[in-house]
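[1] okay, structure incoming, though there's no sequence with it:
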């Protein structure tokens, strides 16, 4: 499930609104609205004009190859296949280009499709040459297989272009999704050369276009197609979520990435004074018919001046894989997971939602390592949260029962002071204090659950860890998974959301209710509202809420046992 920041914030507001509605309906005495003062008015101060952020360097387009040299002047292309437990990669002698890259991640997930998505290879333009070329190189290796016993292996490519001797060493690893690239350019001429060298990675800009093209690409790539560019410059994270209108970038920074919610390719420069560069065709998504499709390109790009007989060296790490939090953190890329943010006044910045999402995600992953099933991990998390909040639940139940017992007296006060709302408020609060009742106590457990609920929602909606993670998956019937074969996606059989609605209705019927009986009946609409809303939410989230309802019903049943025994006696 891939939702925008606005949708996430809207869901958070809806949840908070639900808590407020429950509180005001059951626990706040109703009073007539105060008379409006026609002369009063509210004047909002004009919003301060935001100060411009520090601008990047003058924009330079990523170096991309020009017209290819004549075929007879280039050696024939050779390919090498690198197999690891995590991926299958095909390397080309054309600049060490990654021609194929398929992740072995819950099925085959292609991150490189020739002509659609992937790197160009090492591109070099020497002094005075405006036409950059992919460096033709020698590739002695044909196949490599990495295992736990052979965890790393180098692929070494050598070549020359415009008087430069080029050496590219690509280090593959068996236990992660990174490729270390070491570059060495030696000036074999008698004059200094200012060289432009780049490692570009390109993608289509119309992945998010409407119509048949969108369905076609989504079917082929299954969520791996990029939808955004993210980069970190001087510790500041920036994100461009519209590939159709990319802002050109040229800046010094830590890394630049292109990816989707669940998969990503990042370029991380380490040595060589690289800059982060990105650009695209601003009219790409407006193309019609047979017009060329625009491309978004990110790159790390350097312009060293190499003296005669001297060499320049650079090192870049390529990360190409799923956005698993542990793997990203090891590469310093954990900020690429877009948890969103809750809007706040400008002077306070924003409330980073990773404060909620990351702890829940780490707990889920820790439990999963021990039980081997994310559905079971969610159930255990729900049980633990219920145990932690059990004292609040008991206090809530007692508070609601006490308010229910006071309901006849509250109704009498409403009849007595129906024309004096201020007096009604005072007398009602005095009645609560006299009997030691806290009107807020009834909604404390729900308020406490909202952060966990929203944190779990964040973890499920933006983390690849739960994509295609099964709970009770019995197979597929006529193309429909039965039952829960993807905890990050909705339950297309609607069994789990309907079960959640039934348990929520039972919970409300068992829960003591205060307030106006007519409003209490109206609140029974809430299970239907939640059921409809949960039809499109992640199955893991619905599972959490359903188990929480079942545990709440069990708690209520246990607390009502003395009352049932007294009734039988």
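    Looks like it arrived, so ask away. Everything numeric here is computed off the predicted structure, so don't read it as measured data.
[2] for the rest of this, base every contact and every neighbour count on C-alpha atoms.
    Will do.
[3] and stretch 490-504, what's buried?
    For stretch 490-504, a neighbour-count test (16 or more other C-alpha atoms under 10 Å) marks 490-492, 494, 496-504 as buried.
[4] same check on stretch 95-102?
    95-102.
[5] so can I have a markdown table of these showing distance to residue 191, secondary structure and pLDDT?
    A markdown table is the format used below for the buried residues of stretch 95-102 (distance: C-alpha to C-alpha, whole Å; DSSP: H, G, I helix; E, B strand; the rest coil; pLDDT from 0 to 100):
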| residue | distance to residue 191 | secondary structure | pLDDT |
| --- | --- | --- | --- |
| 95 | 24 | coil | 92 |
| 96 | 27 | coil | 93 |
| 97 | 29 | coil | 94 |
| 98 | 33 | strand | 94 |
| 99 | 35 | strand | 93 |
| 100 | 38 | strand | 93 |
| 101 | 39 | strand | 94 |
| 102 | 43 | strand | 93 |
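[6] how near is the spatially most central residue of the chain to residue 558?
    Geometric centre of the chain, nearest residue: residue 462, 2.7 Å, by C-alpha atoms, centre = their mean. Distance of residue 462 to residue 558, given as C-alpha to C-alpha, to the nearest Å: 38 Å.
[7] and for residue 206?
    With C-alpha to C-alpha as the criterion, residue 206 and residue 558 are 57 Å apart.
[8] between the two, point out the one with more neighbours.
    More crowded of residue 206 and residue 558, by other C-alpha atoms under 10 Å: residue 206, with 23 against 10.
[9] so what pLDDT did that one get?
    At residue 206, the pLDDT value in this model is 74.
[10] could you verify my assumption that it touches residue 285?
    Yes: under the criterion of C-alpha atoms under 8 Å, residue 206 is in contact with residue 285, at a separation of 5.4 Å.
[11] returning to that earlier point: of the buried residues of stretch 490-504, closest to residue 224?
    Residue 224 lies nearest to residue 490 out of the buried residues of stretch 490-504, by C-alpha to C-alpha, at 18.9 Å.
[12] tell me the secondary structure for that closest one?
    coil (DSSP: H, G, I helix; E, B strand; the rest coil).
[13] nearest residue to residue 375 other than its sequence neighbours?
    Closest residue in space to residue 375, ignoring its immediate chain neighbours: residue 471 at 4.8 Å, by C-alpha to C-alpha, 6 or more residues apart in numbering.
[14] now for that neighbour: which residues touch it?
    373-376, 484-487 (C-alpha atoms under 8 Å, 6 or more residues apart in numbering).
[15] on that earlier part again, and the buried residues of stretch 95-102, which two are the farthest apart?
    95 and 102 (19.6 Å).
[16] where do the strands sit along the stretch 201-350 of the chain?
    Using DSSP state E, counting those that start in this stretch, the strands of the stretch 201-350 of the chain run over residues 228-233, 236-240, 249-251, 255-259, 263-271, 275-279, 295-302, 305-306, 311-322, 341-343, 350-352.
[17] for the shortest one, name the packing helices and strands.
    Packing contacts for strand 305-306, counted by 3 or more C-alpha pairs under 8 Å, 6 or more residues apart in numbering; DSSP states H and E, involve strand 193-194.
[18] ok so, going back, excluding chain neighbours, what is closest to the residue nearest to the centre of the chain?
    Nearest to residue 462 is residue 261, by C-alpha to C-alpha, 6+ apart, at 5.9 Å.
[19] what's around the one you found, how many residues?
    24.
[20] what's the answer for residue 554, then?
    13.
[21] can you start the count at 3 instead of 1 from here on
    New numbering, starting at 3: the last item is residue 556.
[22] mind checking the SS state of it?
    Applying three-state DSSP: residue 556 is helix.
[23] which element is residue 199 on?
    Per DSSP states H and E: residue 199 is located in strand 198-206.
[24] partner strands of that strand, with direction?
    strand 119-121 (antiparallel), strand 125-127 (antiparallel), strand 297-304 (antiparallel) (DSSP bridges).
[25] most packed of these?
    Neighbour counts (mean count of other C-alpha atoms under 10 Å) averaged over each of those peak at strand 297-304, with a mean of 27.
[26] any idea how far residue 410 is from residue 428?
    17 Å.
[27] looking at this structure, which helix or strand does the model trust least?
    Sorting the helices and strands of the chain by mean pLDDT, DSSP states H and E puts helix 7-28 at the bottom, at a mean of 46.
[28] residue contacts, residue 246?
    Here residue 246 is in contact with 207-208, 282-287 (C-alpha under 8 Å, 6+ apart).
[29] list buried residues within those.
    207-208, 282-284, 286-287.
[30] closest to residue 76 among those residues?
    residue 282 (29.1 Å).
[31] my guess is the closest one contacts residue 301, does it?
    No: using C-alpha under 8 Å, residue 282 is not in contact with residue 301, being 11.9 Å away.
[32] would you map the helices across this protein?
    Here the chain has its helices, by DSSP state H, at 7-28, 214-223, 327-333, 356-373, 376-390, 392-407, 409-418, 423-436, 446-464, 497-512, 519-524, 528-536, 541-561, 563-570.
[33] can you tell which of those helices is closest to residue 116?
    Once the helices of the chain are compared by C-alpha to C-alpha, helix 214-223 is nearest, at 12.7 Å.
[34] now do the closest one, average pLDDT.
    53.
[35] what's across from residue 102 in the sheet?
    residue 92.
[36] need the contact list for it.
    90-93, 112-116.
[37] likewise for residue 121?
    Here residue 121 is in contact with 99-101, 114, 201-204 (C-alpha under 8 Å, 6+ apart).
[38] now these in JSON lines, with distance to residue 188?
    Output for the contacts of residue 121, formatted as JSON lines (distance: C-alpha to C-alpha, whole Å):
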{"residue": "99", "distance to residue 188": "21"}
{"residue": "100", "distance to residue 188": "24"}
{"residue": "101", "distance to residue 188": "26"}
{"residue": "114", "distance to residue 188": "30"}
{"residue": "201", "distance to residue 188": "18"}
{"residue": "202", "distance to residue 188": "21"}
{"residue": "203", "distance to residue 188": "24"}
{"residue": "204", "distance to residue 188": "27"}
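[39] contacts made by stretch 168-182 with the rest, please.
    86-89, 98, 148-150, 152-162, 183-188, 317-323, 329.
[40] ok, 6 Å please
    86, 148-149, 153-162, 183-187, 319-323 (C-alpha atoms under 6 Å, 6 or more residues apart in numbering).
[41] what subset of those residues is buried?
    In those, the ones that pass as buried (16+ other C-alpha under 10 Å) are 86, 148, 156-162, 183-187, 319-323.
[42] tell me which of those residues fall in strands.
    Using DSSP state E, the subset of the buried ones among the contacts of stretch 168-182 located in strands is 156-162, 183-187, 319-323.
[43] flag the shaky bits of the stretch 103-252 of the chain, pLDDT-wise.
    129-133, 209-225 (pLDDT under 70).
[44] again, 50 this time
    Under the criterion pLDDT under 50, the flagged ranges of the stretch 103-252 of the chain are 212-213.
[45] neighbours of the nearest residue to residue 297 once chain neighbours are set aside, how many?
    Of all residues not flanking residue 297 in the chain, residue 206 sits nearest, at 4.6 Å (C-alpha to C-alpha, 6+ apart). Counted with other C-alpha under 10 Å, residues neighbouring residue 206 total 23.
[46] now do residue 540
    Quick note: residue 540 (other C-alpha under 10 Å) scores 22 neighbours.
[47] also the one 5 residues further on?
    Applying other C-alpha under 10 Å, we find 23 residues neighbouring residue 545.
[48] likewise the one 5 residues further on?
    Residues lying near residue 550 (other C-alpha under 10 Å) number 22.
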